[in-house]
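In: Please find the sequence and the predicted model below.
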Amino acid sequence: MEKNFSLRELNTFGFDVRARYFQELKTMDDIHELLQNPEFIACRGAMNRVLILSGGSNILFYDEFYDGFVVYPNLKGIEVLYENDETVMIRCYCGEVWKDFVDYTVSRNLYGLENLADIPGKVGAAPVQNIGAYGAEVKDAVYQVHTIDLITGQNKVFSNEECRFSYRNSIFKSKEYGVNKSKKYGVESRDLIFAVDFVLKKKTELKLDYGNIRNYLANNGITNPTIQNVAATVKAIRAEKLPEVGIVGSVGSFFQNAIVTIDKYQEIKELYPDVPSYPIDANNIKIPSGWLIDRAGWKGYRENHVGVWDKQALVLVHYGGGKPQEILDLMKKIQESVYNKFGIEIKPEVNIVGSYQLPVSS
Ligand code: EPU
């Protein structure tokens, strides 16, 4: 266990936040030992100050000192559990880097994760927010999730259905389920995910309908794409729009896309006929928050150490040397401006951890 540990290398925003206690977990034995650690027990008990940190690519620390226990699960391993003519079941441990795991599946012509190529982060975090991109979500390939309950020490298995996946959400993010119901200072879930079982397909099944995947392939003269072509296309589109992890501090999309009523959408469409949208259900429609922020004039905005990425307005960036508070101030300004212009409240997608509490939305 480390004390007063710098998390600068462990959050892709690159803020120099310190943790009172920090422990990397490389084996199942490490996890069981952690549950006996008096500091861990104290942090988990009285104050609920335990944070499970994975790749740190979707987290913003509110304070510069995390006064609690950061647990960093980093178990490695990939095992083929089962295969038949159509599918393969693979167990991947939480510490594997997500994009390397996707590359592994793509190189073996296993279909299901190729649209999720190059998403930063680790495998253990993928189910937590049901990562998604280019028309795919990880929930469609997750068979089950293996966890250890940080309170009882018991192993648990969550079936796909039990994970209660939805847009950027799962049971592992639910307040009712977490150790810390108020979510005031730390842990999202009492369950530490140590492995995920995926079911991937052996027969060609590509998703090409999202955004400009088809156009991109056509422009490059590819009429009959392979899984490798699709993964390469996704990587190229991402590289054009998103800041490079490790070079510019960011967490990908900072905000969630907005889900509004059809009436609200019609109102906006009358004023802005080019508003992009995606159907949700009979009453609701998704409007990209990147478009709202862009139209409110924020794209490329910079203030001291932070700003709005000039190629994708949904992404807030930290250019280095700044403090988390600067990002939070920018967040509030953007939220207010979008609300004043469109009457839509946009919510952060990033997990904000610390003494800060998100306003309760109506
Ligand atoms: N748009 C603008 N201006 C901008 C940004 C976007 O007008 O500055 C418009 C685009 O022209 C497009 C629409 O908004 O019509 C959607 O943009 P894009 O395809 O880039 O996707 P997004 O909805 O902004 C979501 C995910 C991304 C994911 C992409 C591709 C969320 C919160 N974000 O972004 O995920 O890569 O789709 O599937 O759902 C992440 O979660 O960190 C992330 C990067």
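Out: Cool, the structure landed.

In: Would you mind naming what in the stretch 201-350 of the chain lies close to the ligand?
Out: Within the stretch 201-350 of the chain, the residues that sit near the ligand (CB under 6 Å from any ligand atom) are 211, 241, 252-253, 256-257, 276, 288, 290-291, 294, 299, 312-314, 349. For glycine as for every other residue, the C-beta is placed from the backbone atoms N, C-alpha and C.

In: how about a cut-off of 5 Å?
Out: Residues of the stretch 201-350 of the chain that fall close to the ligand, judged by CB under 5 Å from any ligand atom: 211, 252-253, 257, 276, 288, 290-291, 294, 312-314, 349.

In: PyMOL command to pick out the buried ones of those residues?
Out: The buried residues among those can be selected in PyMOL (16 or more other CB atoms under 10 Å) with this line:
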select buried, resi 252+253+257+288+290+291+294+312+313+314+349
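
In: Now go through the residues of the stretch 201-350 of the chain next to the ligand and say which are in helices.
Out: Those of those mapping onto helices are 290, 291, 294, per DSSP state H.

In: quick revisit: in the residues of the stretch 201-350 of the chain next to the ligand, which has the lowest confidence score?
Out: pLDDT across those is lowest for residue 211, at 79.

In: Show me the shaky parts of the protein.
Out: 46-47, 175-189, 355-362 (pLDDT under 70).

In: What about the residue of the stretch 101-250 of the chain found nearest the ligand, how many residues nearby?
Out: Residue nearest to the ligand within the stretch 101-250 of the chain (CB to the nearest ligand atom): residue 133, separated by 3.8 Å. By other CB atoms under 10 Å, 19 other residues sit near residue 133.

In: Is it correct that it is in contact with residue 120?
Out: No - with contact defined as CB atoms under 8 Å, residue 133 does not reach residue 120; the gap is 11.2 Å.

In: ok, back up a step: dump the residues of the stretch 201-350 of the chain next to the ligand into CSV; add distance to residue 34 as well.
Out: Formatted as CSV, those follow (distance: CB to CB, whole Å):
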residue, distance to residue 34
211, 42
252, 29
253, 32
257, 36
276, 46
288, 41
290, 39
291, 44
294, 44
312, 38
313, 40
314, 36
349, 29
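
In: From the contact counts, what lies against the lengthiest strand in the chain?
Out: Of all the segments of type strand in the chain, defined by DSSP state E, the longest one is strand 191-201. Counting contacts by 3 or more CB pairs under 8 Å, 6 or more residues apart in numbering; DSSP states H and E, strand 191-201 packs against helix 28-34, strand 65-73, strand 87-93, strand 142-149.

In: try 10 Å
Out: Packing partners of strand 191-201 (3 or more CB pairs under 10 Å, 6 or more residues apart in numbering; DSSP states H and E): helix 28-34, strand 50-52, strand 65-73, strand 78-83, strand 87-93, helix 98-107, strand 142-149, strand 155-159.

In: Could you name the helices and strands sitting against the last one?
Out: Right, strand 155-159. strand 142-149, strand 191-201.

In: Make CSV from the ones you listed and add distance to residue 48 and mean neighbour count to it.
Out: Below are the helices and strands packed on strand 155-159 laid out as CSV (distance: least, CB to CB, whole Å; neighbours: other CB atoms under 10 Å):
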stretch, distance to residue 48, mean neighbour count
strand 142-149, 15, 20
strand 191-201, 15, 22
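
In: so the residue lying farthest from the centre of the chain, which of the three states?
Out: Distance from the centre of the chain peaks at residue 270, with 33.3 Å (CA atoms, centre = their mean). Here residue 270 takes the helix state, with states given by DSSP: H, G, I helix; E, B strand; the rest coil.
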